[in-house]
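Participant: pasting the sequence and the predicted model now:
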Amino acid sequence: MGPVGHNTRGWLFAAPVLLLVTLYLVIPTIWTVYFSFFTGGFRPAEFVGLNNFRRLFTGDRLFLDISSFPWSGALINNILWLVLLPAGAIIFGMTIAVLADGHTWERLIKIIVFVPMVVSNTATAIIFRFLYNMNPRIGFLNAVLTNIGLEPRPWLSSRNYVTLSLIAAAVWIWTAFAMTVFSATYKALDKDTLQAATVDGAGEWQKFWLISLPMMAHAISFVFITIFIQTIKIVDLVLVATDGGPAGASRIIGFSFYWETFQNLDVGYGSAIAVVMLMLLVPVMILQVRRFKAEEQ
């Protein structure tokens, strides 16, 4: 069979996937961009050009407020999420994976840490609402603070605490994912290289920082990109835990998209928020594709 025949067969095998990608990714993306230039519900009512985007960055203080320092709004909150959530999950996941490796209780430790991954974000939000409850008789954290002589903290009802409290809950969830990837990668490292370093007099910390960590760079990149993408899409954790409050202080981009589109039924404005989400994801997706190509080579 000639090159043409091989190409035809390849396209036939790829056709079902290409059809699904077109129906569920390409067409919805095009429609979302189209809707972002209009006002109205699920049927565009009036063409407004870039007004939805102007409103996002200059007229909606719940999305971006730079009138006073520190800046606030869903976009600023999301930047905190994108920095702290991947970093926290990677640090805790790596620590557990390395310290538990070869330990007598390794399997039990990993099972305990992995539990949050099988719990839905909705259930996690409910768990942490109890954990953060202002009443020390209900909230575990405030009970601890009270027992050591400190005042209870309004974890979910204060603008100063709410975003960091929700990020901590998300770190609890994603640490399990990071630990699983890092544990598998750590166990697959070249043992001969590590043994040679030991013979040369390298200590455990030196072996980890100078040998093991660089060899796990691809795994770290994979975990970071995966959590980064998921962070931009988070809705349910914020919705159930705080409903975006207090006074919109815990809003993030995914929640704002959901709220404007399905609660306020302002589909054009919600689509503009979705386009911003897409713009944040595109550089990461390009980086991911390049990483896959580099690994193939």
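Facilitator: Thanks, I have the structure now. Numbers count the residues shown, from 1 in each chain.
Participant: pLDDT score for the spatially most central residue of the chain?
Facilitator: Closest to where the C-alpha atoms of the chain average out (Cα atoms, centre = their mean) is residue 231, at 2.1 Å. Among the per-residue scores, residue 231 holds a pLDDT of 94.
Participant: then it would be within a helix, right?
Facilitator: Yes. According to DSSP: H, G, I helix; E, B strand; the rest coil, the state of residue 231 is that of a helix.
Participant: my read: it touches residue 86, true?
Facilitator: Yes. Here residue 231 lies in contact with residue 86, judged by Cβ atoms under 8 Å, at a distance of 7.1 Å. Every residue, glycine included, has its C-beta placed from N, CA and C.
Participant: which one's the longest helix in this protein?
Facilitator: Under DSSP state H, the helix in the chain containing the largest number of residues is helix 267-296.
Participant: off-centre distance for that one?
Facilitator: 13 Å (Cα atoms, centre = their mean, to the nearest Å).
Participant: show me the helices in the stretch 101-250 of the chain, by range?
Facilitator: In chain order, the stretch 101-250 of the chain shows helices spanning 106-114, 121-131, 140-147, 162-187, 191-199, 204-207, 213-215, 217-232, 236-241, with DSSP state H, counting those that start in this stretch as the criterion.
Participant: possible to save the ones you listed as TSV with distance to residue 100?
Facilitator: Output for these, formatted as TSV (distance: least, Cβ to Cβ, whole Å):
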stretch	distance to residue 100
helix 106-114	5
helix 121-131	22
helix 140-147	24
helix 162-187	7
helix 191-199	17
helix 204-207	15
helix 213-215	17
helix 217-232	16
helix 236-241	26
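Participant: so which of those helices is nearest residue 256?
Facilitator: Nearest to residue 256 among these is helix 236-241 (9.7 Å), distances taken as Cβ to Cβ.
Participant: who does whichever helix or strand comes after the closest one touch, helix- and strand-wise?
Facilitator: Past helix 236-241, heading to the C-terminal end, the next element that is a helix or strand (DSSP states H and E) is helix 253-258. Taking 3 or more Cβ pairs under 8 Å, 6 or more residues apart in numbering; DSSP states H and E as contact, the helices and strands that helix 253-258 lies on are helix 74-100, helix 236-241, helix 267-296.
Participant: quick one: which of the ones you listed is nearest residue 224?
Facilitator: Proximity to residue 224, assessed across the helices and strands packed on helix 253-258 by Cβ to Cβ, is greatest for helix 74-100 (4.9 Å).
Participant: now do the closest one and helix 106-114, the angle between them.
Facilitator: 170 degrees (axes from the mean of the first three to the mean of the last three Cα atoms, to 10 degrees).
Participant: returning to that earlier point: quick one, which of the helices of the stretch 101-250 of the chain is nearest to residue 71?
Facilitator: Nearest to residue 71, of all the helices of the stretch 101-250 of the chain, is helix 162-187, at 12.7 Å by Cβ to Cβ.
Participant: return the set of buried residues in the closest one.
Facilitator: Neighbour counts over helix 162-187 (16 or more other Cβ atoms under 10 Å) mark 162-163, 165-183, 185-186 as buried.
Participant: pLDDT on that helix, on average?
Facilitator: Confidence over helix 162-187 (mean pLDDT, whole number) is 94.
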